[in-house]
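Peer 1: My questions concern the predicted model and sequence given below.
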There are 4 protein chains.
Amino acid sequence: MHHMREMISAHPDVQGNTNDVLIRCIEECYSCAQSCTSCADACLAEEMVDQLRQCIRLNLDCADICVASGALATRRTGSNESVILATLEACAQACRVCAEECERHASKHEHCRICAESCRRCEKACREAMQSISAGAGSRTESLVEPA
Amino acid sequence: MHHMREMISAHPDVQGNTNDVLIRCIEECYSCAQSCTSCADACLAEEMVDQLRQCIRLNLDCADICVASGALATRRTGSNESVILATLEACAQACRVCAEECERHASKHEHCRICAESCRRCEKACREAMQSISAGAGSRTESLVEPA
Amino acid sequence: MHHMREMISAHPDVQGNTNDVLIRCIEECYSCAQSCTSCADACLAEEMVDQLRQCIRLNLDCADICVASGALATRRTGSNESVILATLEACAQACRVCAEECERHASKHEHCRICAESCRRCEKACREAMQSISAGAGSRTESLVEPA
Amino acid sequence: MHHMREMISAHPDVQGNTNDVLIRCIEECYSCAQSCTSCADACLAEEMVDQLRQCIRLNLDCADICVASGALATRRTGSNESVILATLEACAQACRVCAEECERHASKHEHCRICAESCRRCEKACREAMQSISAGAGSRTESLVEPA
C-alpha cells in the first residue's frame, strides 16, 4: 500500500494536496478486508468451528463492505457526499460488530485478536474520514484535500 | 437468478419460509451491479465521454456497493441488524444518486435510461427490505422470514 | 437480470448486434456468485458444519471469481482477449471444483444440490463464452457480437 | 497491510510456518487493486479522457481480478491448486496488459507511471506465488508453508 499517497497525490483534482485522513481510511479498509478474509478462513480451520459460525459471517460481511468502501473512498472525487458518508457509516458499523465478536474469541484465537485490532483501526479511520468529508463538504476539491 | 428463492428456501434457518421482500432486494442488487458496470463501459465508449465522467464514477460506486449489499443481504442470517440496515441505506443512496445522473443523459443514451430504471428499482427494493428487517428485528428467524 | 441484453445492446460498440453466448455467461456468473454466497451461509448454519469447511471455502472462492468474471465479461469491449480468456478459465475451474464438492453433499443438503447445478451451468457458460471469444478474436467488434 | 503475515501465521494450518512468497503476492494484489482503482479515477479526471478510455477499462479489469485473487490467495488452505493457479494466471495477465497500457501514458501522467509499477510488481508476485504453489503441491500444508 506504500504507493497510495503517491497515487492519489498524482490525481489531477488533488495535485499534491492530499487529505491524509481519507488516505489512511482507504489503507485501513483494504487492510481490514484482508484481515477479515483471513480470519474467516482461520476460523473455518479451527476444531471448534461450530462456535465460530457467527464470527465467520461477520468477518465475511466486514470484508465485503470494506472492499466496497476502499474503492468508493479511492474514487472520492465526485459530488456524492451522501453516498460516501453512508458507505463509511456502514463500514464503521460492520467493523465495530465484527470487532466485538472477534474480541470474544481473542484470548483463544490469535487470529481473532489481530482481526479485532484491524477492525477497530478501520472503524476509527472511517469515523475520522467521515468528519473530514463533512467538514470539507461543498466542492469536489475540498472533499479530497485537507479541510481548512 | 431464477434459483435464488429456491436456494434461500433451503437454508436451515429459513426452511421454506422465505422473506420475499429481501429476496427481491438481493436480486435487484446483483442486477443493478451488472447494469451499472455495463453503463460505465458504454459511457466510456461514447464520443462525448468527457461529459459522462461523473456518470461513470457514480456507476462504479453504485456497482461496488450493490455487490456488497447483495452479498450481505444473502448472508442475512445473523444478529447484525445494524450492519445490514446501514449497508442497504448506503446502497439506496448510491442507487438514487446514480439514477439522478443517468436520468440526465437518458434521452441521449439508451444505456443510461435503462440503468436509471435499474437503479430506481434497486433503491426501492432496498428501502422495502429495510422496512421488512426493522419490522422483524429481534430474532434470527424473524429477520429472514416474513414479518408477522 | 432481465435488462442485461437490453443494456449491452445499447452499448455504442454493439448497436443491437449482441453476442448472446457472452450475455448468458454474464448472467450465469452473477447468478452463481449469489448461489455460492448463499450456499456458504447455509453450510455455516448446518449442524455438521465441521464436515462442510472445504465446501464453504470453495463456495467463497467461486463467488469471488464469479463476481470478477461477470464484471470483466460485462466490460468486454477492449482488446484484452488474453485477460478475459484467462479469467473465464479460472472461473470455469472454480465452478467445476465447487460443483464437485457440493455434489458430495447434494443428497443431504438441498442448498448444495441447487448450488452444484448453478456452478455446472456457469462452468458450461464460461466454456462456451471462451469459444465464442476465441472464434471472434481480432477486432473489438467481433468479440462483442456474434462470431460469423 | 502490516498485519498480514501475523494474521496468516496465526492460522491453525500454518502455525507460524508462513509462505512469504504467497504473503507478498496477497499484499501486491490488494495494493494493485487500489492503484488501479485510483488510476482509473485519475484518468477520468484528465482533460484528454477520450485518449484514456482503454486505460480506464484495463484498470477496472485489473482491480476486479486483483481483489478476487487477493481473497483466494488469502484463503489458500484448501486442495484447490488448479483454481488458485488459474486465478493467479488471470491476475498476472491482467496486470501485464494494464501495465503495458499505463506505460504508454507514463511520461504524461504520473498516476499511470505509478500504477504501471504497481501492476508489474503484482504480475511478478503472482508468477512467483504460482511457482511456490506448484512446487509445494500435494498437501494442504505444503501449499501454505514454504516449499522444501
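Peer 2: Structure's in. What do you need?
Peer 1: From here on, just use CA atoms for contacts and neighbour counts.
Peer 2: Fine.
Peer 1: before we move on, which element is the spatially most central residue of chain A in?
Peer 2: Compute the mean C-alpha point of chain A, and by Cα atoms, centre = their mean the closest residue is A:C29, 2.6 Å away. Per DSSP states H and E: A:C29 is located in helix A:20-45.
Peer 1: picking that back up, the residue nearest to the centre of chain A against A:D64, yeah?
Peer 2: No. A:C29 is beyond contact range of A:D64, at 10.1 Å (criterion: Cα atoms under 8 Å).
Peer 1: before we move on, back to that, for the helix holding A:C29, packing partners?
Peer 2: Contacts defined by 3 or more Cα pairs under 8 Å, 6 or more residues apart in numbering or on different chains; DSSP states H and E place helix A:20-45 against helix A:4-9, helix A:53-74, helix A:110-136, helix C:53-74, helix D:4-9, helix D:53-74.
Peer 1: could these go into JSON lines alongside mean pLDDT and mean neighbour count?
Peer 2: Listed next are these as JSON lines, based on pLDDT from 0 to 100; neighbours: other Cα atoms under 10 Å in any protein chain shown:
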{"stretch": "helix A:4-9", "mean pLDDT": "83", "mean neighbour count": "20"}
{"stretch": "helix A:53-74", "mean pLDDT": "96", "mean neighbour count": "27"}
{"stretch": "helix A:110-136", "mean pLDDT": "94", "mean neighbour count": "23"}
{"stretch": "helix C:53-74", "mean pLDDT": "96", "mean neighbour count": "27"}
{"stretch": "helix D:4-9", "mean pLDDT": "83", "mean neighbour count": "20"}
{"stretch": "helix D:53-74", "mean pLDDT": "96", "mean neighbour count": "27"}
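Peer 1: what's near enough to touch the residue nearest to the centre of chain A?
Peer 2: Contact analysis of A:C29 by Cα atoms under 8 Å, 6 or more residues apart in numbering or on different chains lists A:C66, A:V67, A:S69, A:G70, A:C122.
Peer 1: Get me the contact residues on chain A for chain C.
Peer 2: Contacts of chain A with chain C, taken as Cα under 8 Å from any Cα of the partner chain, map to A:D41, A:L44, A:A45, A:E47, A:V49, A:D50, A:R53, A:R57.
Peer 1: again, 7 Å this time
Peer 2: Counting by Cα under 7 Å from any Cα of the partner chain, the residues of chain A close to chain C are A:L44, A:V49, A:D50, A:R53.
Peer 1: what's near enough to touch the third one?
Peer 2: By Cα atoms under 7 Å, 6 or more residues apart in numbering or on different chains, the contact list for A:D50 reads C:V49, C:D50.
Peer 1: again, but for the second one
Peer 2: By Cα under 7 Å, 6+ apart, the contact set of A:V49 is A:C43, C:D50.
Peer 1: Please verify my assumption that A:A125 contacts A:I23.
Peer 2: No. Using Cα atoms under 7 Å, A:A125 is not in contact with A:I23; the gap is 9.3 Å.
Peer 1: Pull up the gap between the residue lying closest to A:C55 once chain neighbours are set aside and D:I65, please.
Peer 2: The spatially closest residue to A:C55, leaving aside those adjacent along the chain, is A:E101, at 5.9 Å (Cα to Cα, 6 or more residues apart in numbering or on different chains). Using Cα to Cα, to the nearest Å, we find A:E101 at a distance of 30 Å from D:I65.
Peer 1: any idea whether the residue of chain A positioned farthest from its centre is helix, strand or coil?
Peer 2: Distance from the C-alpha centroid of chain A peaks at A:E47, with 29.4 Å (Cα atoms, centre = their mean). Assigned state for A:E47: coil (three-state reduction, DSSP: H, G, I helix; E, B strand; the rest coil).
Peer 1: on that earlier part again, indicate which one of the helices and strands packed on helix A:20-45 is closest to C:A135.
Peer 2: Closest to C:A135 of the helices and strands packed on helix A:20-45 is helix C:53-74 (Cα to Cα; 15.7 Å).
Peer 1: tell me what that closest one is packed against?
Peer 2: helix B:20-45, helix C:20-45, helix C:81-104, helix D:53-74 (3 or more Cα pairs under 7 Å, 6 or more residues apart in numbering or on different chains; DSSP states H and E).
Peer 1: got a list of what A:V67 touches?
Peer 2: So A:V67 contacts A:C29, A:Y30, A:A33 (Cα under 7 Å, 6+ apart).
Peer 1: could those residues be laid out in TSV, adding distance to D:D13 and pLDDT?
Peer 2: Below are those laid out as TSV (distance: Cα to Cα, whole Å; pLDDT from 0 to 100):
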residue	distance to D:D13	pLDDT
A:C29	26	97
A:Y30	24	96
A:A33	21	97
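Peer 1: Quickly name whichever of these is closest to chain C.
Peer 2: When the contacts of A:V67 are compared for distance to chain C (Cα to the nearest Cα), A:A33 comes out closest, at 13.1 Å.
Peer 1: so how far is B:N59 from A:R75?
Peer 2: 11 Å.
Peer 1: With A:M7 instead?
Peer 2: A:M7 is 22 Å from B:N59, by Cα to Cα.
Peer 1: And for A:V97?
Peer 2: Using Cα to Cα, we find A:V97 at a distance of 29 Å from B:N59.
Peer 1: got it, and A:D50?
Peer 2: Distance of A:D50 to B:N59, computed by Cα to Cα: 40 Å.
Peer 1: now A:H11
Peer 2: Separation of A:H11 from B:N59 (Cα to Cα): 20 Å.
Peer 1: and A:Y30, how many neighbours?
Peer 2: 26 (other Cα atoms under 10 Å in any protein chain shown).
Peer 1: ok, it - contacts?
Peer 2: A:Y30 sits next to A:C66, A:V67, A:G70, D:Y30 when contact means Cα under 7 Å, 6+ apart.
Peer 1: try it again with 10 Å
Peer 2: Residues in contact with A:Y30 (Cα atoms under 10 Å, 6 or more residues apart in numbering or on different chains) are A:1, A:63, A:66-71, A:122, D:1, D:27, D:30-31, D:33-34, D:67.
Peer 1: Then A:A90?
Peer 2: Counting by Cα under 10 Å, 6+ apart, A:A90 makes contact with A:62, A:65-66, A:69, A:84, A:96, A:123, A:126, B:82-91.
Peer 1: Got the confidence number for it?
Peer 2: pLDDT for A:A90: 97.
Peer 1: quick revisit: and of the contacts of A:Y30, the nearest to chain B?
Peer 2: Nearest to chain B among those, with distances taken as Cα to the nearest Cα, is A:A68, at 5.3 Å.
Peer 1: Distance-wise, check that closest one relative to C:G70.
Peer 2: A:A68 is 16 Å from C:G70, by Cα to Cα.
Peer 1: same check, this time on A:E6
Peer 2: For A:E6, the distance to C:G70 - Cα to Cα - is 31 Å.
Peer 1: how close does the closest residue to A:C25 other than its chain neighbours get to A:S118?
Peer 2: Once flanking residues are discounted, A:C25 sits nearest to A:A125: 4.7 Å by Cα to Cα, 6+ apart. Noted for A:A125: a distance of 11 Å to A:S118, by Cα to Cα.
Peer 1: what touches both of those two?
Peer 2: Common contacts of A:A125 and A:S118, defined by Cα under 10 Å, 6+ apart, comprise A:E28, A:C29.
Peer 1: so A:E6 makes contact with A:T18?
Peer 2: Yes. Counting by Cα atoms under 10 Å, A:E6 touches A:T18, with 9.3 Å between them.
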